[in-house]
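Peer 1: Build me a model:
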Amino acid sequence: MTTQNIQQALQHKIDNKTKPHGALGELEALALKVGCIQNSLSPQLRQPTILVFAADHGLADEKISPYPKDVTWQMAMNFVAGGAAISVFCRQNGIALKVIDAGVDYDFPTDSPIVPSKIARGSRNMRKEPAMTTDECEKALAAGRAFVRAEAEAGCNTIGFGEMGIGNTSPSSLLMHRFLGLPIETCTGAGAGMRGEQLSYKQQVLKEISEKYDPQTPLETLATFGGLEIAMMVGAYLEAREQGMVILADGFISTVSLLTACQFNPKVSENVVFCHQSDEQGHSLLLQHFAARPILQLGMRVGEGTGVAVALPVLQSAVKFLNEMASFEDAGVSNK
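Peer 2: Alright, predicted model coming up:
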């Protein structure tokens, strides 16, 4: 069916369920969205999966996060041990969770469930040199694509992305600033807890970095200001769109990665369901840019893909009512 035809057919199916017109509110919009992504009147969310990309950042040496760099590898281990927020919510909601080492400055045990894909031992300190070479950036993009392709080939059609990397709100703020043309101050928030003078310092460092470089292309911009886990997530978004998957966007860093992916292919956002509005400064402006109505607004700012995991049951309810709720005709109920 054409896009217009599938929209009309889905809307007719939604409107003829045994309920007042529009009475399921945002669930109706979600059902329409998923049906359009899959070009189906009976969409299915198969093998929902969250890929969490982890990497370190050279910029963390500039004290732009209150946490030491070691927290990156420690939290990655916590993810696979089942003790992190993302681990708990994935377990609760039957979501497959895979943690990928995109560039952590640590050697994980060879028997660890963490998937090895280390491009480098972290990005470089942007105060001194670009975060990545274009070669490293391209390798990270390709790796992200490969992980998603493997999930699609295994039967997954619903995928979300999370991240772990001490200092990674800083490259995200820089990318948002560059791609949307907004002031650094507007794009830069507390991250893991920088407030007051600490936040002012972080903003000043990022402003200095932004003025230091003038990349021209999306690839150059990502390599200059990004991170290895961010680049891998960008590749993952691009491949998920090509595979026709339902893509679940998390918070600030994940949405900046989506924004970056859209510089390579603007159609990526057509496959995206925005799961929540993060409490991180800048995320509401990103959602406005995409004209997005997120499923949840709970004041969360953990990252990790937690917004995706918590929102998935709502999306499942939207698909369930579309597929299983009776129509007026089926139930023999009089319509107005």
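
Peer 1: What about residue 310, how many residues nearby?
Peer 2: Residues near residue 310, counting by other Cβ atoms under 10 Å, number 22. Just so you know, the C-beta spots here come from the backbone N, C-alpha and C atoms, and that holds for glycine as well.

Peer 1: now it: how far from residue 95?
Peer 2: As defined by Cβ to Cβ, to the nearest Å, residue 310 lies at a distance of 10 Å from residue 95.

Peer 1: any residues in contact with both of the two?
Peer 2: Contact with both residue 310 and residue 95 is made by residues residue 89, according to Cβ atoms under 8 Å, 6 or more residues apart in numbering.

Peer 1: What is the burial count for the closest residue to residue 302 other than its chain neighbours?
Peer 2: Nearest residue to residue 302, sequence neighbours excluded (Cβ to Cβ, 6 or more residues apart in numbering): residue 85, at 5.3 Å. Applying other Cβ under 10 Å, we find 17 residues neighbouring residue 85.

Peer 1: next one: residue 60
Peer 2: Residue 60 has 23 nearby residues by other Cβ under 10 Å.

Peer 1: so what's it closest to, chain neighbours aside?
Peer 2: residue 167 (3.8 Å).

Peer 1: Isn't that neighbour up against residue 68?
Peer 2: No. When contacts are counted by Cβ atoms under 8 Å, residue 167 is not listed as touching residue 68 (10.4 Å).

Peer 1: Could you check which of these two is surrounded by more residues?
Peer 2: Applying other Cβ under 10 Å to residue 167 and residue 68 shows that residue 167 carries more neighbours, namely 28 against 11.

Peer 1: Now do the phi/psi pair for the more buried one.
Peer 2: phi 90, psi 0 (degrees, to the nearest 10).

Peer 1: Tell me where the stretch 101-250 of the chain has strands.
Peer 2: Per DSSP state E, counting those that start in this stretch, the stretch 101-250 of the chain carries strands over the ranges 115-116, 158-164, 246-249.

Peer 1: Nearest to residue 314, out of the ones you listed?
Peer 2: strand 246-249 (11.0 Å; Cβ to Cβ).

Peer 1: got a list of contacts for the closest one?
Peer 2: When contacts are defined by Cβ under 8 Å, 6+ apart, strand 246-249 is touched by residues 34, 37-38, 43, 45, 48, 50, 157-161, 237, 240-241, 255, 258, 268, 271-275, 308, 311-312, 315.

Peer 1: Of the strands of the stretch 101-250 of the chain, which stretch is the most buried?
Peer 2: Highest mean neighbour count of the strands of the stretch 101-250 of the chain: strand 158-164, a mean of 29 (counted as mean count of other Cβ atoms under 10 Å).

Peer 1: Now do that strand: distance to the chain's middle.
Peer 2: Between the centre of strand 158-164 and the centre of its chain there are 5 Å (Cα atoms, centre = their mean, to the nearest Å).

Peer 1: which residues touch the spatially most central residue of the chain?
Peer 2: Centroid-nearest residue in the chain, with Cα atoms, centre = their mean: residue 254, separated by 3.2 Å. When contacts are counted by Cβ under 8 Å, 6+ apart, residue 254 touches 160, 161, 162, 163, 233, 303, 305.

Peer 1: And those, which is closest to residue 293?
Peer 2: Nearest to residue 293 among the contacts of residue 254, with distances taken as Cβ to Cβ, is residue 160, at 17.3 Å.

Peer 1: For that closest one, list each beta-bridge partner.
Peer 2: Assessed by DSSP bridges, residue 160 has beta-bridge partners residue 50, residue 248.

Peer 1: pretty sure it is in contact with residue 306, am I right?
Peer 2: No. Residue 160 is beyond contact range of residue 306, at 10.0 Å (criterion: Cβ under 8 Å).

Peer 1: What are the phi and psi values at residue 182?
Peer 2: phi -100, psi 150.

Peer 1: these two touch, right, it and residue 284?
Peer 2: No. With contact defined as Cβ under 8 Å, residue 182 does not reach residue 284; the gap is 11.9 Å.

Peer 1: Now do the shared contacts for residue 160 and residue 306.
Peer 2: residue 250.

Peer 1: Point out where the chain drops to low pLDDT.
Peer 2: Scanning the chain for pLDDT under 70 picks out the ranges 190-194, 336.

Peer 1: now the helices for it?
Peer 2: Under the criterion DSSP state H, the chain contains helices at 3-15, 26-38, 70-81, 85-93, 134-153, 169-180, 184-187, 197-212, 218-225, 228-242, 252-264, 283-289, 306-324, 328-331.

Peer 1: Return the third one as CSV; C-alpha atoms alone will do.
Peer 2: If I follow you right, that is helix 70-81. The C-alpha trace of helix 70-81 is given here as CSV (Å, rounded to 0.1, in the frame of the first residue of the first chain):
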residue,chain,number,x,y,z
ASP,A,70,36.5,4.1,35.7
VAL,A,71,32.7,4.3,36.2
THR,A,72,32.3,3.5,32.5
TRP,A,73,33.7,0.0,32.7
GLN,A,74,32.2,-0.6,36.2
MET,A,75,28.7,0.3,35.0
ALA,A,76,29.1,-1.8,31.8
MET,A,77,29.9,-4.8,34.1
ASN,A,78,26.9,-3.8,36.3
PHE,A,79,24.7,-3.9,33.2
VAL,A,80,25.6,-7.5,32.3
ALA,A,81,25.5,-8.5,36.0
